[in-house]
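Participant: What follows is a predicted structure for the sequence shown.
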Amino acid sequence: VYTAFNKSVALRSSLPFNRVIHRRSLMAEVIRSSDGEVDVLTGNPSGTSVLKPIAKSIPHDVYYGINPNDLDELRGDAPMDPPKIRSDPFYWLRDQTRSDKEVLAHLEHENKYCEQELSHLADLRGSLYEEMISHLKETDEDVPHRHGDYMYYSKTSKGLSYTIHCRKAIAATVDSSSSNSDVVILDENKLAEKHDYTDVGMLVPSPSHNRVAYTVDHSGYETYSLRVIEDVEANRCSEDVIEDVDSTIVWGADDSVLFYLTLDDQHRPHKLFLHRLGTKQEDDLCLFTENDDKFWMSIGKTNDDKFLILSLSSTETSECYAIDLTNAESVSGHADAAIIDQMVCLRKREFGVRYDVEHHGSHFYFVTNIDHAKNNKLMRSPSTNYSPTWRDVKPYRAHEQIDDIIPFKNHIAVLGRESGIQRLWIMKMMMNE
């Protein structure tokens with residue numbers, strides 16, 4: 001409990017002002033020593049215990065609407081003019097880079113004060129921790145799931161804080177000499193050594209299953225590094241490291257290419273890049289840039305691995321692009337055929353129209369609210385010689401809500417609700433449909 005509380009204090013410099021003002025107001029009082037000798041930065045009298053910290057006030061105006069100091073700053077389509085102004089004397093604590101020595105010193109002071117004031121709760125913290133941990137199964141293992149010729153799963157061990165990712169070959173489809181051995185793909189506990197914080201965003205096997213790509217964040221700021229395990233069996237890592245990216249990873253049609261997203265100043269995924277293994281990050285190809293800060297970018301493959309889908313979504317509007325990966329074997333195939341020439345917009349953004357995309361057989365399938373389908377309906381369009389003319393697959397019914405679809409070889413599972421009750425509809429399909 002104490003550790004979590006202390007971490008929240010340590011991360012304050014990256015949080016919005018309104019998330020930390022309440023705590024600052026609680027610690028605003030400064031106690032002066034009898035001899036009057038007080039440290040200028042911390043307010044602590046020399047030779048005494050840690051006193052309540054107080055942040056100095058520096059006048060600063062925050063503009064809501066047009067910023068008269070930077071007229072080119074993006075403030076939305078129609079920012080207020082004239083703007084509303086709010087005075088924020090503690091704006092100087094907003095250190096996004098976490099490098100300002102004065103800010104770090106103030107936070108360290110708060111941490112020390114917190115540790116001092118809560119020291120009498122040390123035994124209680126220990127008791128609470130032991131009680132909570134007693135309700136957990138520390139040594140546990142997920143149900144393995146099949147992916148290609150392997151069963152993938154993750155497990156935890158008593159006394160270790162992080163997950164261990166593993167796989168086991170399926171005897172019927174691989175050489176029997178390796179079919180009974182479990183292989184540790186990534187041990188997050190080893191990854192976390194010498195770091196105060198570790199979060200693995202995604203871990204994705206390559207199409208051949210010889211390589212694995214993963215993203216890891218050691219800062220807590222949700223900015224990740226992308227790394228590649230070159231040989232899973234030998235646990236040998238590649239020299240490919242891509243810094244300052246979103247947590248999402250998508251492999252190309254083979255093991256030669258990765259797709260990833262980078263973040264803007266608002267921490268919004270806004271650029272799609274292609275990385276060729278063995279090359280430098282500065283040589284990566286930018287495929288798409290989303291400049292409208294109302295739209296959030298995401299990527300993923302269709303369930304049949306035939307298309308990369310680039311999704312751009314705001315709260316009310318969607319726009320998706322498809323990249324055909326079926327003819328994109330090798331680096332040159334990704335760069336020339338699939339990426340540059342065959343990025344197709346499935347439907348241009350139209351305010352209020354939302355849709356998600358999947359692919360089955362020879363068609364794209366869309367879960368969408370088009371034509372005022374408040375609870376969504378299922379539509380499709382041929383993926384060959386694509387045209388944004390969609391036809392109903394499951395007619396719209398006001399008492400039915402469609403949330404998602406999962407394509408299989410001969411069926412499509414449709415997930416949703418009927419009259420508020422969860423439902424699963426199974427649609428029989430042929431591969432060429």
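Facilitator: Received the coordinates, thanks.
Participant: Just give me the residue closest to the centre of the chain.
Facilitator: Central residue of the chain (C-alpha atoms, centre = their mean): S247, 4.4 Å from the mean position.
Participant: can you pull the contacts of the closest residue in space to it that isn't next to it in sequence?
Facilitator: Spatial nearest neighbour of S247, excluding adjacent residues (C-beta to C-beta, 6 or more residues apart in numbering): G201 at 2.7 Å. (C-beta placed from N, C-alpha, C; glycine too.) Applying C-beta atoms under 8 Å, 6 or more residues apart in numbering, we find G201 in contact with Y214, T215, V216, D217, Y224, D246, S247, T248.
Participant: Pairing partners for the fifth one in the sheet, please.
Facilitator: Judged by DSSP bridges, the bridge partners of Y224 are V245.
Participant: likewise the fourth one?
Facilitator: Note on D217: beta-bridge partners by DSSP bridges are D199.
Participant: can you count the residues close to it?
Facilitator: D217 has 18 neighbours, counted by other C-beta atoms under 10 Å.
Participant: Please determine how far it is located from S225.
Facilitator: For D217, the distance to S225 equals 8 Å [C-beta to C-beta, to the nearest Å].
Participant: What of the last one?
Facilitator: Taken as C-beta to C-beta, the spacing of T248 relative to S225 amounts to 13 Å.
Participant: Work out the gap between the strand or helix carrying the residue nearest to S247 and the centre of the chain.
Facilitator: Element membership of G201 [criterion: DSSP states H and E] is strand 199-205. The chain centre lies 10 Å from the centre of strand 199-205; the measure is C-alpha atoms, centre = their mean, to the nearest Å.
Participant: Could you point out which residue ranges in the protein have low pLDDT?
Facilitator: Scanning the chain for pLDDT under 70 picks out 1-48, 172-180, 328-341, 430-433.
Participant: How about the contacts made by the closest residue to K84 other than its chain neighbours?
Facilitator: Excluding its sequence neighbours, the residue lying closest to K84 (C-beta to C-beta, 6+ apart) is Y64, at 4.3 Å. By C-beta under 8 Å, 6+ apart, the contact set of Y64 is M80, P83, K84, I85, R86.
Participant: Tell me the spacing between Y64 and D88.
Facilitator: Going from Y64 to D88 by C-beta to C-beta gives 11 Å.
Participant: in the strand holding G201, what's buried?
Facilitator: Of the residues in strand 199-205, D199, V200, G201, L203, V204, P205 count as buried by neighbour count, 16 or more other C-beta atoms under 10 Å.
Participant: And for stretch 49-58?
Facilitator: Those buried within stretch 49-58 under the rule 16+ other C-beta under 10 Å are V50, L51, K52, P53, A55.
Participant: And for stretch 90-98?
Facilitator: Buried positions in stretch 90-98, judged by neighbour count with 16+ other C-beta under 10 Å: W92, L93, R94, D95.
Participant: Just the closest of these to I370, please.
Facilitator: Checking these against I370 by C-beta to C-beta gives R94 as the nearest, at 41.9 Å.
Participant: where along the stretch 251-400 of the chain do the strands fall?
Facilitator: 257-263, 269-276, 285-289, 296-301, 307-313, 318-324, 343-347, 355-360, 363-368, 377-382, 391-394, 400-407 (DSSP state E, counting those that start in this stretch).
Participant: Let's have the ones you listed in JSON lines, adding distance to K158 and mean neighbour count.
Facilitator: Below are the strands of the stretch 251-400 of the chain laid out as JSON lines (distance: least, C-beta to C-beta, whole Å; neighbours: other C-beta atoms under 10 Å):
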{"stretch": "strand 257-263", "distance to K158": "35", "mean neighbour count": "22"}
{"stretch": "strand 269-276", "distance to K158": "37", "mean neighbour count": "21"}
{"stretch": "strand 285-289", "distance to K158": "45", "mean neighbour count": "14"}
{"stretch": "strand 296-301", "distance to K158": "35", "mean neighbour count": "18"}
{"stretch": "strand 307-313", "distance to K158": "40", "mean neighbour count": "22"}
{"stretch": "strand 318-324", "distance to K158": "45", "mean neighbour count": "21"}
{"stretch": "strand 343-347", "distance to K158": "48", "mean neighbour count": "17"}
{"stretch": "strand 355-360", "distance to K158": "40", "mean neighbour count": "21"}
{"stretch": "strand 363-368", "distance to K158": "43", "mean neighbour count": "23"}
{"stretch": "strand 377-382", "distance to K158": "46", "mean neighbour count": "20"}
{"stretch": "strand 391-394", "distance to K158": "48", "mean neighbour count": "15"}
{"stretch": "strand 400-407", "distance to K158": "35", "mean neighbour count": "18"}
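Participant: Among those, single out whichever gets nearest to Y113.
Facilitator: strand 257-263 (33.6 Å).
Participant: The closest one: how far from the chain's middle?
Facilitator: Averaging C-alpha positions (C-alpha atoms, centre = their mean) puts strand 257-263 12 Å from its chain's average.
Participant: Please pick the buried ones from the contacts of Y64.
Facilitator: P83.
Participant: just the contacts of Y64 now: which is nearest K348?
Facilitator: Using C-beta to C-beta, the shortest approach to K348 within those belongs to M80, at 29.5 Å.
Participant: How many residues are close by the nearest residue to the closest one once chain neighbours are set aside?
Facilitator: What sits nearest to M80 in space, not counting adjacent residues and going by C-beta to C-beta, 6+ apart, is G65, at 2.8 Å. A count of nearby residues for G65, using other C-beta under 10 Å, gives 15.
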